[in-house]
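Visitor: Sharing a model that was predicted from the sequence below.
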Protein chains: 2
Amino acid sequence: MIYTVTLNPSIDYVVYPDEPIQLGQLNRISKHHKYPGGKGINVSRILSELAIESTALGFVGGFTGDFLKQQLQDRAVSTAFVEVEEDTRINVKIKGESETEINGAGPHITPEKQAELVSKFRQLKQGDIVVLAGSKPSGLPGDFYQQLIRLITEKGASFIIDTTGDELMQSLEHQPFLIKPNRDELEELYETVIDSKEAVVQYGRDLLNKGARHVIVSMGKDGAMLFTHEGIYHGSAKPGRLVNSVGAGDSMVAGFTGTFEQTKDIKEAFRYSLACGSATAFSEDLAVKEDIEKVLQTITIKQWEE
Amino acid sequence: MIYTVTLNPSIDYVVYPDEPIQLGQLNRISKHHKYPGGKGINVSRILSELAIESTALGFVGGFTGDFLKQQLQDRAVSTAFVEVEEDTRINVKIKGESETEINGAGPHITPEKQAELVSKFRQLKQGDIVVLAGSKPSGLPGDFYQQLIRLITEKGASFIIDTTGDELMQSLEHQPFLIKPNRDELEELYETVIDSKEAVVQYGRDLLNKGARHVIVSMGKDGAMLFTHEGIYHGSAKPGRLVNSVGAGDSMVAGFTGTFEQTKDIKEAFRYSLACGSATAFSEDLAVKEDIEKVLQTITIKQWEE
């Protein structure tokens, strides 16, 4: 089973104002969408488009949390969230010439609720894959992901971590199945400028050497590179119109993880990773099945030769 | 029984950004509130603070509608909403140096759902009071309030209408128990400038003559005037700091209607009207019981002498 963990999920309330937003005024919208938001949840939603089962974990609360669970269940995603007292946050995304976001802080998570989530990890089995993705709500200890990772590895399960900075670096010694920094994150990790594929190869290989079992570095319109101990690959999709970069990285994680779980074929997993990521980048919301299948036909993958 | 009708209710999602809002950026909030919104609902909430029963009617839908019902029931307000398919809207109110509002359009109401609400009015009895307040969602016929008013008067119940323009003027021949324009609305109704209490008296009296049984004209810091066929009164509260003018008018309607229903004393009803309106104007959200009782001690009412 694939488990996704979203510690600080949200409802993303996307509004399209009739006229450009005026601060200090009453603005009207006639079109809006509400999406279940959060990186782990995005991964589960894409897995569901690929007809791959997953269970979403994390903290939800209140009527907004109920909406989130219902939306996931409607999309055939299993949920095993820990219920907290305060409402799951609503993030407002105002679409216009530029996108304005107003993000809430999320509920406070008590030590009891933290323990309740941790205890769910004691049921993990060998072969399970856990995707840890996204920011932590306030009140969680700084090493919360590390606590989870220790349990995951104790149980013989594998994990994927999609986060940044120290959190990511500390996870490497536990041999994450996959990490997926984008080029900007790679530059931050190594405090350097990365302006060529050769430089990407250098740092991607370093992450492998530090413990990651697979590394995908996404590079926007330049495609992505996959690093494995067997070889390095570069892949890309036929260029399309970038509509939405939000969730593209999560879609890559989902495509890779789900396909690998089903096929054990690393190149096929990378192909789906690229297709899911690109299809989401070309969509208003996360990609749906038809979009992914269309983009899949346009993927090219080449082994990197030095 | 007092019934309040809110055709287009909302959840008011009030957010306090950590820094002034920047368009095109990610903004963070660490404080927010969610209130059940809509003019009729405001009236029911204030009635509940006065320990007076009411039943809220209108259209609600989805998980946001469920929240709304729950909030009202938690405040001891009965609800008998018609359930519609689409979600009750979320209005975002961004507090800062100036207030920015982003208001949704609300669900589409099918003819079947309209008929379902109308049919609830067939159970009205003599002595019942119905408060009709606020805007109509798109899709409702232009004469929807008039349809409701015909049924209300047929049943021998009375109605209060808090709306503007033609809608208000058309209602007068059906002898509303109360109308409550503010000074700006009075100026619009008569397409004139109203810059003295004498002018207010002239137009207030005209509304009585056209059919209204009671008229309250609210004038912000200048208090309010009550017009009845027995006399005209001016009343005011001790000045306080204006925090929030939203819902002050609804609070006046609630104070008047609820107190009149209980005491049949028109001056006492006006006293509570002024106390509820002022107390809300001095509060972040609608006023609560304690605030209303405090302001009540400061109300002065004088008969108007020409």
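Guide: Now that the structure is in, tell me what you want to look at.
Visitor: packing partners for the lowest-mean-pLDDT helix or strand in chain A?
Guide: Lowest by mean pLDDT, DSSP states H and E among the helices and strands of chain A is helix A:165-171, with a mean of 90. In terms of contacts (3 or more CB pairs under 8 Å, 6 or more residues apart in numbering or on different chains; DSSP states H and E), helix A:165-171 is packed against helix A:144-154, strand A:158-162, helix A:183-190. Bear in mind the C-beta positions are built from the backbone N, C-alpha and C, glycine included.
Visitor: could you give the angle of the longest one to strand A:158-162?
Guide: Relative orientation of helix A:144-154 and strand A:158-162, computed by axes from the mean of the first three to the mean of the last three CA atoms, to 10 degrees: 160 degrees.
Visitor: Tell me which residue in the stretch 151-300 of chain A sits closest to chain B.
Guide: Closest contact between the stretch 151-300 of chain A and chain B, by CB to the nearest CB, is at residue A:246 (11.2 Å).
Visitor: Mind giving me the packing neighbours of the strand or helix carrying residue A:130?
Guide: Secondary structure from DSSP states H and E places residue A:130 in strand A:129-133. The helices and strands touching strand A:129-133, judged by 3+ CB pairs under 8 Å, 6+ apart, are strand A:2-6, helix A:39-49, helix A:144-154, strand A:158-162, helix A:248-263.
Visitor: Distance from it to the middle of the chain?
Guide: With CA atoms, centre = their mean, to the nearest Å as the basis, strand A:129-133 stands 9 Å off its chain's centre.
Visitor: Identify the residues contacting that strand?
Guide: For strand A:129-133, the external contacting residues (CB atoms under 8 Å, 6 or more residues apart in numbering or on different chains) are A:1-6, A:38-40, A:42-43, A:121, A:124, A:145, A:148-149, A:152, A:157-163, A:177, A:250, A:253, A:257, A:261.
Visitor: near chain B, which residues of the stretch 1-150 of chain A?
Guide: Contact residues (CB under 8 Å from any CB of the partner chain) of the stretch 1-150 of chain A with chain B: A:13, A:15, A:17, A:21-30, A:32, A:34, A:63-64, A:66-67, A:70, A:87, A:90, A:92, A:94, A:96-105.
Visitor: In ChimeraX, how would I select just the buried ones from those?
Guide: To isolate the buried ones among the residues of the stretch 1-150 of chain A next to chain B in ChimeraX, judged by 16 or more other CB atoms under 10 Å in any protein chain shown, type:
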select /A:13,15,17,21,23,27,29,32,34,63,64,66,67,87,90,92,94,100,101,102,103,104,105
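Visitor: Just the ones in helices from the residues of the stretch 1-150 of chain A next to chain B, please.
Guide: Those of the residues of the stretch 1-150 of chain A next to chain B mapping onto helices are A:63, A:64, A:66, A:67, A:70, per DSSP state H.
Visitor: Pull the contacting residues for the third one.
Guide: Residues touching residue A:66, when contacts are defined by CB under 8 Å, 6+ apart, comprise A:60, B:63, B:66.
Visitor: Look up how far residue A:72 lies from it.
Guide: Distance, residue A:66 to residue A:72, using CB to CB, to the nearest Å: 11 Å.
Visitor: Just put the contacts of residue A:66 in a markdown table and tack on distance to residue B:134 and pLDDT.
Guide: Output for these, formatted as a markdown table (distance: CB to CB, whole Å; pLDDT from 0 to 100):
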| residue | distance to residue B:134 | pLDDT |
| --- | --- | --- |
| A:60 | 32 | 97 |
| B:63 | 22 | 95 |
| B:66 | 21 | 96 |
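Visitor: could these go into a markdown table alongside distance to residue A:213?
Guide: Formatted as a markdown table, the contacts of residue A:66 follow (distance: CB to CB, whole Å):
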| residue | distance to residue A:213 |
| --- | --- |
| A:60 | 31 |
| B:63 | 40 |
| B:66 | 45 |
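Visitor: before we move on, back to that, single out the most deeply packed of the helices and strands packed on strand A:129-133.
Guide: Highest mean neighbour count among those (mean count of other CB atoms under 10 Å in any protein chain shown): helix A:39-49, with a mean of 28.
Visitor: Paired strands for whatever helix or strand comes next after that helix, with orientation please.
Guide: Once the chain leaves helix A:39-49, the next helix or strand it forms, by DSSP H and E, is strand A:54-61. If you go by DSSP bridges, strand A:54-61 pairs up with strand A:2-6 (parallel), strand A:78-79 (parallel), strand A:82-84 (parallel).
Visitor: which stretch among those comes nearest residue B:188?
Guide: Among the strands paired with strand A:54-61, strand A:82-84 comes nearest to residue B:188, with 48.0 Å by CB to CB.
Visitor: Would you mark the buried spots in the closest one?
Guide: Going by neighbour count (16+ other CB under 10 Å), the buried part of strand A:82-84 is A:82, A:84.
Visitor: Now find how far off-centre that strand is within its chain.
Guide: Put simply, strand A:82-84 sits 21 Å off its chain's centre (CA atoms, centre = their mean).
Visitor: Same check on stretch A:19-32?
Guide: Chain-centre distance of stretch A:19-32: 31 Å, with CA atoms, centre = their mean.
Visitor: rewinding a little: now the helices and strands packed on strand A:129-133 in TSV, with mean pLDDT?
Guide: Listed next are the helices and strands packed on strand A:129-133 as TSV, based on pLDDT from 0 to 100:
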stretch	mean pLDDT
strand A:2-6	97
helix A:39-49	97
helix A:144-154	95
strand A:158-162	96
helix A:248-263	96
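Visitor: got CSV for these, with distance to residue B:112 too?
Guide: CSV is the format used below for the helices and strands packed on strand A:129-133 (distance: least, CB to CB, whole Å):
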stretch, distance to residue B:112
strand A:2-6, 39
helix A:39-49, 33
helix A:144-154, 50
strand A:158-162, 47
helix A:248-263, 40
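Visitor: what's residue A:100 in contact with, if anything?
Guide: A:21, A:93, A:94, B:21, B:22, B:23, B:24, B:25, B:27.
Visitor: mind redoing it with 7 Å?
Guide: Residue A:100 makes contact with A:21, A:94, B:23, B:24, B:25, according to CB atoms under 7 Å, 6 or more residues apart in numbering or on different chains.
Visitor: Distance of the closest residue to residue A:262 other than its chain neighbours relative to chain B?
Guide: Nearest non-adjacent residue to residue A:262, counting by CB to CB, 6 or more residues apart in numbering or on different chains: residue A:52, 6.6 Å away. Applying CB to the nearest CB, to the nearest Å, the value for residue A:52 to chain B is 27 Å.
Visitor: next one: residue A:6
Guide: Residue A:6 sits at a distance of 18 Å from chain B (criterion: CB to the nearest CB).
Visitor: Test my guess that that residue contacts residue A:134.
Guide: Yes - using CB atoms under 7 Å, residue A:6 is in contact with residue A:134, at 5.9 Å.
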